[in-house]
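J.: I'll drop the sequence and a predicted model, then ask my questions.
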Amino acid sequence: MSDAKVLKAMNILAKWRSIFSGWQLGTRTSDDPECQAVRDHREVTMLLRAEVSGITKILLDKKVCTLEELQGVFTEEALALSKSYEDKFPGCSANEHGIAINPAIARETMKNWRP
């Protein structure tokens, strides 16, 4: 596959950033800084998802690893990242039902957050 085809496909995928930013923030002008930040973040997330999915498919198709091995490391990485978020945001933790917040601890964590 040519570089041009890859670039074209990624550019088409990235167009969705404006839909996601509108969904999240409502209609904004293209020069709105908050909207620019959301669009940029959405673009990175979408491209990363496509890249990781592609790499995962290659690893499995070429039998470099098994699905079970991938699921194991995905689980480890997800739990480790969740733990690091708990460390970053004291008083907050995630579980299968949502985010649990201990108000006595989280009050300090969130004291300077925007309303």
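T.: Arrived safely. Residues are numbered from 1 along each chain as shown.

J.: so how far is the helix or strand harbouring S21 from its chain's centroid?
T.: S21 is located in helix 17-25, with elements delineated by DSSP states H and E. From the chain centre to the centre of helix 17-25 is a distance of 15 Å (Cα atoms, centre = their mean, to the nearest Å).

J.: Report the mean confidence score over the biggest helix by length in the chain.
T.: The longest helix of the chain (DSSP state H) is helix 33-61. Averaging pLDDT along helix 33-61 yields 97.

J.: Show me what the helix or strand that it is followed by is packed against.
T.: Counting by DSSP H and E, the next helix or strand C-terminal to helix 33-61 is helix 67-88. The helices and strands touching helix 67-88, judged by 3 or more Cβ pairs under 8 Å, 6 or more residues apart in numbering; DSSP states H and E, are helix 33-61, strand 92-95. Every C-beta, even on glycine, is put in place using the N, C-alpha and C of the backbone.

J.: mind listing what's buried in the longest one?
T.: Judged by neighbour count using 16 or more other Cβ atoms under 10 Å, the buried positions of helix 33-61 are 35, 38-39, 42-43, 46.

J.: Looking at these, which one is closest to L59?
T.: M46 (20.8 Å; Cβ to Cβ).

J.: Specify the residue positioned farthest from the middle of this protein.
T.: Relative to the C-alpha centroid of the chain, counting by Cα atoms, centre = their mean, A104 is the outermost residue, at 28.6 Å.

J.: ok, it to G91 distance?
T.: For A104, the distance to G91 equals 7 Å [Cβ to Cβ, to the nearest Å].

J.: And S21, by the same measure?
T.: 30 Å.
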